[in-house]
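sequence-free structure coming up:
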Ligand code: CTP
């Protein structure tokens, strides 16, 4: 599987760096081409000479490569490496390097490359148990996951410090399997396709301080955008009001209200091969928005009447205008699920509808997993087991890719 693949290994300064020469050797034995970049502190644990001998390539040690390199290339090496690599593996990744990556630093060869490459990046953290469990580290890890980095959780066991717990670099065979899986997933079956994804809730202003909203977190739509970008699609993500990191290689546009989302979708839809409407668009918005804060005295007999108007149905409109592109909708139902979802599929002229029920176990707002049923235009109904939102995204995209590749044949 790894034969002729170009693997870029970023080594950072943790004790587990002593295992990386074996990893390089194993990748090479699997037929891969390997290049190594190191941080300065990594050199305290493993020598560049060992890594360059085993990889058969010069090791990059700093942002400004050594005088021995081709001087003309010295300023653009990170771009050259970026286009060369099929995958980048950062192992071991220290708490420090993850903190930097989570904030976009480019202060050494490894962090600079991580920003410059477009290929998938696998991060294999290894550190002491307390550093791993620290809330700052955990927050950075979640951010990196949202951005589309693939994190291999450290294994439990005895650590170099003598303590035991999670923090060990996984067995090299597990790292190789994970890299294999990622490389094999990069089937690039959406390469060159343009995909529009919407995600998250809209907020409909009542007055300058209040709004009508819903409990959507946007995680499902962001997972779809992330997975589509990893398959090589050019992804535009129109996001409602979410607190999520933008996935790598995704063009994000933020909107607030349903009418803004409508305008943004109409603006970007024309060039798209597929549109996936995962957003929780408000069905109703206040008929008028008060320019001043509504005071309590406005109420009559203890009631405030707030007239609402229907918003425009974006998906319905896309269905009417459909012209060879693939259209996917979501259907959030708490009862008569299948009947309602099938009705949406038919009435909105969709190719797929993804049905979910937020009251089911393993599904729901803000959760990292989902339980969905995918219904296709041809009547096929598939209920998927509980899985991560990223895996649900993959299943949806598998079907979108088949339809797109059929359309364009
Ligand atoms: N949607 C949309 N525009 C709206 C409301 C919803 O494009 N104004 C999209 C959502 O992004 C989702 C799908 O429509 O993909 C289903 O949303 P839902 O609110 O469940 O469906 P409705 O058709 O509004 O029907 P109902 O209120 O009967 O559930």
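Perfect, I can see it now. This is a predicted model, so every value here is computed, not measured. Residues are numbered from 1 along each chain as shown.

low-confidence ranges, this structure, go.
65-75, 185-187, 407-409 (pLDDT under 70).

how far does stretch 39-58 stretch from start to finish?
14 Å (Cα to Cα, to the nearest Å).

near the ligand, which residues of the stretch 201-350 of the chain show up?
For the stretch 201-350 of the chain, the residues in contact with the ligand (Cβ under 6 Å from any ligand atom) are 258, 277, 279, 281, 283, 311, 313-315, 329-332, 344. From N, CA and C alone the C-beta is placed, and that goes for glycine too.

and the residues you listed, which of them are buried?
Buried subset of these (neighbour count, 16 or more other Cβ atoms under 10 Å): 258, 277, 279, 281, 311, 313-315, 329-332, 344.

from those, pick the one nearest residue 97.
The shortest approach to residue 97 among these belongs to residue 279, at 34.2 Å (Cβ to Cβ).

contacts only, for the residue lying closest to that closest one once chain neighbours are set aside.
Closest residue to residue 279 apart from its sequence neighbours, by Cβ to Cβ, 6 or more residues apart in numbering: residue 198 at 3.7 Å. Taking Cβ atoms under 8 Å, 6 or more residues apart in numbering, we find residue 198 in contact with 221, 237-240, 261, 265, 275-279, 281, 314.

and what about the closest residue to the ligand within the stretch 101-250 of the chain, helix, strand or coil?
Proximity of the stretch 101-250 of the chain to the ligand (Cβ to the nearest ligand atom) peaks at residue 198, 6.2 Å away. Three-state assignment for residue 198 (DSSP: H, G, I helix; E, B strand; the rest coil): strand.

is it in a bridge, and if so with what?
residue 238, residue 277 (DSSP bridges).

among the contacts of residue 198, which pair sits farthest apart?
Maximum distance among the contacts of residue 198 (Cβ to Cβ): 15.6 Å, for 240 and 275.

which residues touch stretch 345-360?
By Cβ under 8 Å, 6+ apart, stretch 345-360 touches 215, 278, 313, 315-316, 318-320, 322, 326-334, 337-338, 341-342, 344, 363-365, 370-377, 392, 396, 399-400, 403.

which of those residues fall in helices?
315-316, 318-320, 337-338, 341-342, 344, 392, 396, 399-400, 403 (DSSP state H).

out of these, which are buried?
Here, 16+ other Cβ under 10 Å leaves 315, 318, 319, 337, 341, 342, 344, 392, 396, 399, 400, 403 buried among the ones in helices among the contacts of stretch 345-360.

contacting residues around the fifth one?
For residue 341, the contacting residues are 331, 333, 353, 355, 373, 375, taking Cβ under 8 Å, 6+ apart as the criterion.

ditto for the last one
Counting by Cβ under 8 Å, 6+ apart, residue 403 makes contact with 274, 326, 351.

mind putting the residues you listed into TSV with neighbour count and distance to residue 30?
Shown next, in TSV, are the contacts of residue 403 (neighbours: other Cβ atoms under 10 Å; distance: Cβ to Cβ, whole Å):
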residue	neighbour count	distance to residue 30
274	24	35
326	24	36
351	21	39
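
so which of those belong to strands?
274, 326 (DSSP state E).

the closest residue to residue 273 other than its chain neighbours: how many residues sit nearby?
Nearest non-adjacent residue to residue 273, counting by Cβ to Cβ, 6+ apart: residue 193, 4.6 Å away. Around residue 193 there are 21 other residues, counting by other Cβ atoms under 10 Å.

doesn't residue 274 make contact with residue 193?
Yes: using Cβ atoms under 8 Å, residue 193 is in contact with residue 274, at 6.9 Å.

what touches both of the two?
By Cβ under 8 Å, 6+ apart, the residues touching both residue 193 and residue 274 are residue 404.

now do the contacts for the residue nearest to residue 273.
Taking Cβ under 8 Å, 6+ apart, we find residue 193 in contact with 232, 233, 234, 273, 274, 401, 404.

at 10 Å what do you get?
If you count contacts by Cβ atoms under 10 Å, 6 or more residues apart in numbering, residue 193 has them with 228, 231-235, 272-274, 326, 400-401, 404-405, 408.
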